[in-house]
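Visitor: just a sequence and a predicted model for now, questions to come.
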Amino acid sequence: MAPPRSACGASPPGGASPDTKGPVDLSCLASGRASGRGAACKARQRTGQAGSAAAAWLGALAIMLVGNALAAPVIERATKGDRCVEDVASMRRNHMRFLEHQRDATVHGGIRGAKHSLKGCIDCHASKTTGSVAQAPTDFCVSCHAYAAVKIDCFDCHATRPAKGAAP
C-alpha cells in the first residue's frame, strides 16, 4: 500500500523512509533510537565518523572556556562610604541603565552630581593601588566587565580617576 499523499501529490510530512518506503516515524529522531518499522534511525547512529572528532574537540574547548569563566572576578571594595547608592543585586543588573539615565539628565537637563553619576562611582570605587577604576585588571570596572566579556567604552571619553581633591 502506498503512503497517503496530499491533494497536490506531495509526500506526508517527514517524507518517505528510505528503508521501508513508508512514512518516517519522527519519534525516533527525538528519542535517539529507532521504533517500529523505521530502521532508518539506526542507520544514522554510527560512531567513528568524521563528526566524532569535531564533537570531541568542541566539547574540550567548551570545558576550557567554561572552566576559565567560572573563576570569579577579583573586585576591590569601595574606598569611600559605608554602602553603595543601591543594593548590590540592583547595581549588578541595572548599573548601565542608571548611568545612561543620569547621562541623559546631565546632557539634556544640566543636572550634575546626582545619585547615579559616573563621577560618584569613580570617586568611591577607584583602587587604592592604582587610583583608577579601569587601569589594571583588578580595578573595579575592568574586573567585572572582563569577567562578563563586555567592552566598556565609557573611559574613551571619561577619566578613570577621581578628580583632584577627591579623597581615594
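Guide: Right, received. Where do you want to start? Because the structure is a prediction, the values reported are computed rather than measured. Numbers count the residues shown, from 1 in each chain.

Visitor: all contacts plus neighbour counts: C-alpha atoms, from now on.
Guide: OK.

Visitor: in the lengthiest helix in the chain, what's buried?
Guide: Using DSSP state H, we find that the single longest helix of the chain is helix 88-109. Neighbour-count burial for helix 88-109, counted by 16 or more other C-alpha atoms under 10 Å, picks out 95, 99, 102-103.

Visitor: redo the residues you listed as a markdown table? Include distance to Cys144 and pLDDT.
Guide: Formatted as a markdown table, the buried residues of helix 88-109 follow (distance: C-alpha to C-alpha, whole Å; pLDDT from 0 to 100):
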| residue | distance to Cys144 | pLDDT |
| --- | --- | --- |
| His95 | 12 | 94 |
| Leu99 | 16 | 93 |
| Gln102 | 21 | 92 |
| Arg103 | 21 | 91 |
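
Visitor: got the buried residues for the helix or strand following the longest helix of the chain?
Guide: Using DSSP states H and E, the next helix or strand after helix 88-109 towards the C-terminus is helix 118-125. Under the neighbour-count criterion of 16+ other C-alpha under 10 Å, helix 118-125 has 118-119, 121-125 buried.

Visitor: take the residues you listed and write them to CSV, including pLDDT.
Guide: What follows is these, written out as CSV (pLDDT from 0 to 100):
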residue, pLDDT
Leu118, 91
Lys119, 90
Cys121, 91
Ile122, 92
Asp123, 91
Cys124, 91
His125, 92
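
Visitor: for those, which one is nearest Asp153?
Guide: Comparing those against Asp153 with C-alpha to C-alpha places Leu118 closest, at 12.7 Å.

Visitor: contact partners for the closest one?
Guide: Neighbouring residues of Leu118 by C-alpha atoms under 8 Å, 6 or more residues apart in numbering: Leu99.

Visitor: can you tell me how far it sits from Lys128?
Guide: Taking C-alpha to C-alpha, to the nearest Å as the measure, Leu118 falls 18 Å from Lys128.

Visitor: check Arg92 too.
Guide: Note on Arg92: its distance to Lys128, by C-alpha to C-alpha, is 22 Å.

Visitor: cool, Glu76 as well?
Guide: 9 Å.

Visitor: the more surrounded of those two?
Guide: Applying other C-alpha atoms under 10 Å to Glu76 and Lys128 shows that Glu76 carries more neighbours, namely 17 against 14.

Visitor: for the more buried one, which non-adjacent residue is closest in space?
Guide: Phe140 (6.1 Å; C-alpha to C-alpha, 6 or more residues apart in numbering).

Visitor: I figured that neighbour hits Thr130, correct?
Guide: No - using C-alpha atoms under 8 Å, Phe140 is not in contact with Thr130; the gap is 10.7 Å.

Visitor: out of those two, which sits in the busier spot?
Guide: Phe140 (24 against 13).
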